[in-house]
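J.: Got a predicted structure here, sequence first:
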Amino acid sequence: GAGVSQTPSNKVTEKGKYVELRCDPISGHTALYWYRQSLGQGPEFLIYFQGTGAADDSGLPNDRFFAVRPEGSVSTLKIQRTERGDSAVYLCASSATGTQPQHFGDGTRLSIL
Amino acid sequence: GDSVTQMEGPVTLSEEAFLTINCTYTATGYPSLFWYVQYPGEGLQLLLKATKADDKGSNKGFEATYRKETTSFHLEKGSVQVSDSAVYFCALRYQGGSEKLVFGKGTKLTVNP
């Protein structure tokens, strides 16, 4: 079966631009997570959805970051007024429920010039 | 807050050598513990897990035992192969709440023939 799909795989944009990153979870998975991985570091939690609602957004670094999951399936991570420090690999994971193992996508590598 | 500390890498071994990658954690309560692996050019994959003290997780010849008294979850393999070359991440998951994962920084393993 299909795994977690993330698009685009790479995104290069200029400082100050707006970007959207998409995550398509495994079918039927109700829990969805976004993480950010900087070079040489482990993934850091950003936000967790259970169904359509954000159950925990404590990892979002500031109000330039926002994520939605309007129908409880696909999620979009949105970054406004991008900064060079936003450059990282953005990972999405899903699980059948909050307590089941998380399955990761291959990530979107975001580069801010 | 909760955290995971992994031994510094990189680690370079010859084929058939014994592998240990140390992992210790700081957490309130009793988290679940995980090892994830990232092979070159691929996404994060769950390698093994343990959900309570003294549990041993195992997969593909790798093992790790959840030691509450030493707050550790060291990864071991008796005889590594070239195909084990990857980055290994230790992680804990909060009990209750968002079930988010907290990762260590990762340890890069290179196995030479």
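T.: Arrived safely.
J.: ok, and the closest residue to residue A:101 other than its chain neighbours, which helix or strand is that part of?
T.: Excluding the flanking residues, the one nearest residue A:101 by C-beta to C-beta, 6 or more residues apart in numbering or on different chains is residue B:46, at 5.1 Å. No exception for glycine: its C-beta is placed from N, CA and C like everyone else's. Element membership for residue B:46 (DSSP states H and E) is strand B:44-50.
J.: Tell me the confidence at residue 68?
T.: Answering for chain A, as no chain was given. Listed pLDDT for residue A:68 reads 97.
J.: should've been chain B
T.: For residue B:68, pLDDT reads 93.
J.: and it, how far is that from chain A?
T.: 20 Å (C-beta to the nearest C-beta, to the nearest Å).
J.: What values do phi and psi take at that residue?
T.: phi -70, psi -40 (degrees, to the nearest 10).
J.: Do I have it right that it meets residue B:30?
T.: Yes: here residue B:68 reaches residue B:30: they are 7.1 Å apart, a contact under C-beta atoms under 8 Å.
J.: so what sits against both of these two?
T.: Here residue B:68 and residue B:30 share the contacting residues residue B:53, scored by C-beta atoms under 8 Å, 6 or more residues apart in numbering or on different chains.
J.: So between those two, which is more surrounded?
T.: residue B:30 (13 against 10; other C-beta atoms under 10 Å in any protein chain shown).
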